[in-house]
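Undergrad: no sequence for this one, just the structure:
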């Protein structure tokens, strides 16, 4: 196995050689290799020449340089893109944090218990330099605010030592260019429901006279970053798979509206094809004997596994709706199959319908949720990766061709049909703003009451079909 140690550097000529020597000689778990991804953020004090000489003599160092100074967040973002290890450790080049803590930081990841590990300066480490009171209080206050909005219970959100599984870290978009990276990555890890552990680390902090760069203005910006990334669900490198769709339909009141209809037709043993990150499963698993959440994307599978880790009647497994081979051992195992926001992404949706047929017991039901209205297909559909929108006759033909008997069709969310047509066909927008989605979600109760009175078709279509006995 390999760990990528990500080292952002800016104007550290007096310390950078000692710092990199310490990182190169630090202990690692047995049989683990290391690579150093060093990003020089346009240093102007001679650091660049020192880094070039060190990198030329050390094959474990890969050196990159920014032509313009951008900030720590930008340097870490570049390092993440270049990382090739199984795990990533963020390491400042100022010797405040002790590389001898690497084994403790990596242990929860290697044991399979964690997806991310934060090294805390405020837990009981072996050594910690005593620094000014107000600096520590500002850090603890930022951690408090971060905990309030992320619903985590961290002791040190602002810590440099954050260790991640590389595949997960690469899938998280980093937008902050400076020190806002700390609250940003914390908030996004919380929203992605990563398993986060904290371990105590040694800390040898610097004073401003000794070269410390972060200041009170960065503290105010960190507060702004906490609020911003609390409001904005920018969770996947993007658009990553169906993440934009999850943001669009993952509003809780809208989900409750949809799942309220689905529950009327569900049995006790459920298979959900294309479960994503569990947007619908979280509202549907209650009081079921068995719920199998199938997903083909490894990151979504990971999210599902974390979400339902301690839910004994929920099984998470790799399942591709377009691959019949994964369904061989599921023949006639379920009384209900859910296929929610899946068919519109497939080249051959009839394959998923056949897989659902084979998985259902006789007299079982297939519940579909698809976007309605081929005439609405436009720029938003292209952003989402849709290949089609369905009309009622098309859906009836698709189900009838597989042998299903259509029992019920629901057209829902009629008010959004107008918004979709305006943005997708007339304005050719690439996305709907987060504010619009949140306002819509807060007023779903009203649109739900109004829905039966509007004369046009809904934006989404729910089909209930039975496999004849």
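TA: Thanks, I have it. A quick note: this is a predicted structure, and the numbers were derived from the prediction, not measured.
Undergrad: Wait, residue 171 touches residue 277, no?
TA: No. The pair residue 171 and residue 277 does not pass the contact test of C-beta atoms under 8 Å, sitting 11.7 Å apart. Backbone N, C-alpha and C define where each C-beta goes, glycine included.
Undergrad: Give me the more crowded residue out of those two.
TA: Taking other C-beta atoms under 10 Å, residue 171 and residue 277 do not tie; residue 277 has more neighbours (28 against 20).
Undergrad: Let me know the distance separating that one from residue 233.
TA: Residue 277 sits 11 Å away from residue 233, taking C-beta to C-beta, to the nearest Å as the criterion.
Undergrad: ok, now residue 154?
TA: Residue 154 sits 20 Å away from residue 233, going by C-beta to C-beta.
Undergrad: what do you get for residue 446?
TA: From residue 446 to residue 233 the distance is 23 Å (C-beta to C-beta).
Undergrad: and if you look at residue 162?
TA: Distance from residue 162 to residue 233, by C-beta to C-beta: 20 Å.
Undergrad: now swap in residue 39 and tell me
TA: 28 Å.
Undergrad: Neighbour count: those two, which is higher?
TA: Taking other C-beta under 10 Å, residue 39 and residue 233 do not tie; residue 39 has more neighbours (28 against 21).
Undergrad: contacting residues around the more buried one?
TA: Contact analysis of residue 39 by C-beta atoms under 8 Å, 6 or more residues apart in numbering lists 6, 7, 8, 9, 64, 65, 66, 75, 76, 78, 79.
Undergrad: Among these, which lie within helices?
TA: Using DSSP state H, the members of these that fall in helices are 75, 76, 78, 79.
Undergrad: ok, the first one touching residue 38?
TA: No. Taking C-beta under 8 Å as the definition, residue 75 is not a contact partner of residue 38, at 9.3 Å.
Undergrad: list residues touching both of the two?
TA: What both residue 75 and residue 38 touch, as defined by C-beta under 8 Å, 6+ apart, is the set residue 9.
Undergrad: so residue 290 touches residue 270, yeah?
TA: Yes. Between residue 290 and residue 270 there is a contact at 6.9 Å, judged by C-beta under 8 Å.
Undergrad: what about those two, which has more around it?
TA: residue 270 (24 against 16).
Undergrad: where's that one relative to residue 326, distance?
TA: In terms of C-beta to C-beta, residue 270 sits 17 Å off from residue 326.
Undergrad: Could you list the buried residues of the strand ranked longest in the chain?
TA: For the chain, the longest strand by residue count, based on DSSP state E, is strand 360-371. The neighbour-count check on strand 360-371 (16 or more other C-beta atoms under 10 Å) flags 360, 364, 365, 366, 367, 368, 369, 370, 371 as buried.
Undergrad: Report all helices and strands that it contacts.
TA: With contacts taken as 3 or more C-beta pairs under 8 Å, 6 or more residues apart in numbering; DSSP states H and E, strand 360-371 sits against helix 252-263, strand 334-340, helix 349-359, helix 392-402, strand 460-466.
Undergrad: would you list the ones you listed in a markdown table and tack on mean neighbour count, distance to residue 188 and mean pLDDT?
TA: Shown next, in a markdown table, are these (neighbours: other C-beta atoms under 10 Å; distance: least, C-beta to C-beta, whole Å; pLDDT from 0 to 100):
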| stretch | mean neighbour count | distance to residue 188 | mean pLDDT |
| --- | --- | --- | --- |
| helix 252-263 | 17 | 19 | 91 |
| strand 334-340 | 25 | 25 | 96 |
| helix 349-359 | 21 | 31 | 96 |
| helix 392-402 | 16 | 36 | 95 |
| strand 460-466 | 22 | 28 | 97 |
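Undergrad: Can I get the ones you listed in TSV including distance to residue 434?
TA: Shown next, in TSV, are the helices and strands packed on strand 360-371 (distance: least, C-beta to C-beta, whole Å):
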stretch	distance to residue 434
helix 252-263	14
strand 334-340	22
helix 349-359	30
helix 392-402	30
strand 460-466	20
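Undergrad: Of all the ones you listed, which one comes closest to residue 71?
TA: For these, proximity to residue 71 was assessed by C-beta to C-beta; helix 252-263 is nearest, at 34.8 Å.
Undergrad: Tell me what angle that closest one forms with strand 460-466.
TA: Between helix 252-263 and strand 460-466, the angle comes out at 20 degrees (axes from the mean of the first three to the mean of the last three C-alpha atoms, to 10 degrees).
Undergrad: which helices and strands does helix 252-263 pack with?
TA: With contacts defined as 3+ C-beta pairs under 8 Å, 6+ apart, the packing partners of helix 252-263 are helix 281-284, strand 334-340, strand 360-371, strand 405-412, helix 434-442, helix 444-450, strand 460-466.
Undergrad: Which one of those lies nearest to residue 309?
TA: Residue 309 lies closest to helix 281-284 among the helices and strands packed on helix 252-263, at 13.1 Å (C-beta to C-beta).
Undergrad: Contacts for the closest one next, please.
TA: Taking contacts as C-beta under 8 Å, 6+ apart, the residues outside helix 281-284 that touch it are 255-256, 259, 262-263, 266, 270, 272, 275, 291, 293, 304, 307-308, 314, 338.
Undergrad: Can you tell me which of the residues you listed is nearest residue 469?
TA: Nearest to residue 469, judged by C-beta to C-beta, of those is residue 266 at 18.0 Å.
Undergrad: That closest one contacts residue 367, correct?
TA: Yes. Judged on C-beta under 8 Å, residue 266 makes contact with residue 367 at a distance of 7.1 Å.
Undergrad: Can you check which residues contact both of these two?
TA: 336, 338.
Undergrad: For the closest residue in space to residue 230 that isn't next to it in sequence, give me its contacts.
TA: The spatial neighbour of residue 230 that comes closest, neighbours along the chain excluded (C-beta to C-beta, 6 or more residues apart in numbering), is residue 149 at 4.3 Å. Neighbouring residues of residue 149 by C-beta under 8 Å, 6+ apart: 187, 226, 227, 230.
Undergrad: in the helix or strand where residue 149 lies, what counts as buried?
TA: Using DSSP states H and E, residue 149 maps to helix 133-150. Residues of helix 133-150 classed as buried: 135, 138, 139, 142, 143, 145, 146, 147, 149, 150 (neighbour count, 16+ other C-beta under 10 Å).
Undergrad: Going by distance to residue 178, which of the residues you listed wins?
TA: Nearest to residue 178 among the buried residues of helix 133-150: residue 142, at 14.2 Å, using C-beta to C-beta.
Undergrad: thought that closest one was touching residue 219?
TA: Yes. If you go by C-beta under 8 Å, residue 142 and residue 219 touch, sitting 6.4 Å apart.
Undergrad: ok so, going back, which one, of the helices and strands packed on strand 360-371, ends up nearest to residue 182?
TA: helix 252-263 (27.8 Å).
Undergrad: Distance of residue 438 relative to residue 183?
TA: Counting by C-beta to C-beta, the separation of residue 438 from residue 183 is 20 Å.
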